[in-house]
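Enquirer: Need the 3D shape of this:
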Amino acid sequence: MVRWTGLLFVVGAALFALGVLLSLPPASPPLLSAVTYAIGAVFFTAAATLQVVLARRDLPEAQRRSLRLRARTSDWLSAAIQLLGTVLFNINTMDAVLTIGARPAVIDTEVWMPDIAGSSAFLVSSAIAIVPEVRARRHSHVADASQRIAFLNLTGSVLFGASAVGALVLRSGTDVSLVWANIGTLFGAVCFLVAAWLFGWPQRSRTARADGSSTSGHLTAKR
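Expert: Down below sits the predicted model:
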């Protein structure tokens, strides 16, 4: 399940990066990049759902059965907030497909609002995931990459937030900063892609000793 989670995040992030590249040629139809983002958001949601399942699976049985107790666990809480963010991106990207050419007020309400809310959820989730306890649970199979994964995800979330701010449509019909919207999405997606790859495909040296024994298990997280 770890590898599937990583794979789905990799594909989702790659599609978001591709969506930016498809939007750059002047002759490229806006619908093409919009649909690419929408498909990428579906992969993000599928990956985030598996992340929640993984976080729940690692809890003691009593905590698994109680939403109140699960919500007290930072790893599960981070995963749940991340899932919420991906659902908001589903709304954001699907509305972007349906409202191409609409008035700025409509775009800001139906596209930008879920975008900034989803970006904020990602930022909160990534901030929680930096906590050593969360990294210890989530990255036990790739202990020496734990810090890199956490900070790559946080950087990606900050860039997605910058992208959302830049994507706000003014009354004149122009974005606050189309450059920042594209840069934030592109490089944020790259950060998520690399983090997901490190999570899903750890090098053998990270998961096994020279004698072949496993080094997975609870990690003493680096501070």
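Enquirer: what are the ranges of the helices in this protein?
Expert: Read by DSSP state H, the chain holds these helices, from start to end of the chain: 2-23, 30-57, 61-64, 67-70, 74-98, 104-107, 113-129, 132-138, 146-166, 178-200, 204-207.
Enquirer: So for the longest one, mean pLDDT?
Expert: In other words, helix 30-57. On average, the pLDDT along helix 30-57 is 94.
Enquirer: One more: the last one?
Expert: Taken as a whole, helix 204-207 has a mean pLDDT of 48.
Enquirer: cool, and the fourth one?
Expert: Helix 67-70 shows a mean pLDDT of 62.
Enquirer: same check, this time on stretch 141-156
Expert: Mean predicted confidence for stretch 141-156 is 89.
Enquirer: Ok, stretch 183-201 next?
Expert: On average, stretch 183-201 scores 94.
Enquirer: Among the helices of the chain, which comes closest to Ser172?
Expert: Smallest distance to Ser172 across the helices of the chain (Cβ to Cβ): 7.7 Å, for helix 104-107. (Each C-beta comes from the backbone N, C-alpha and C, glycine too.)
Enquirer: What are the buried residues along the closest one?
Expert: Pro104, Ile107 (16 or more other Cβ atoms under 10 Å).
Enquirer: Could you list the residues in contact with it?
Expert: With contacts defined as Cβ atoms under 8 Å, 6 or more residues apart in numbering, helix 104-107 is touched by Ala96, Thr99, Val169, Leu170, Arg171, Ser172, Gly173.
Enquirer: Closest to Gly118 out of these?
Expert: Ala96 (12.1 Å).
Enquirer: What is the burial count for Ala13?
Expert: Under the neighbour criterion other Cβ atoms under 10 Å, Ala13 is assigned a count of 25.
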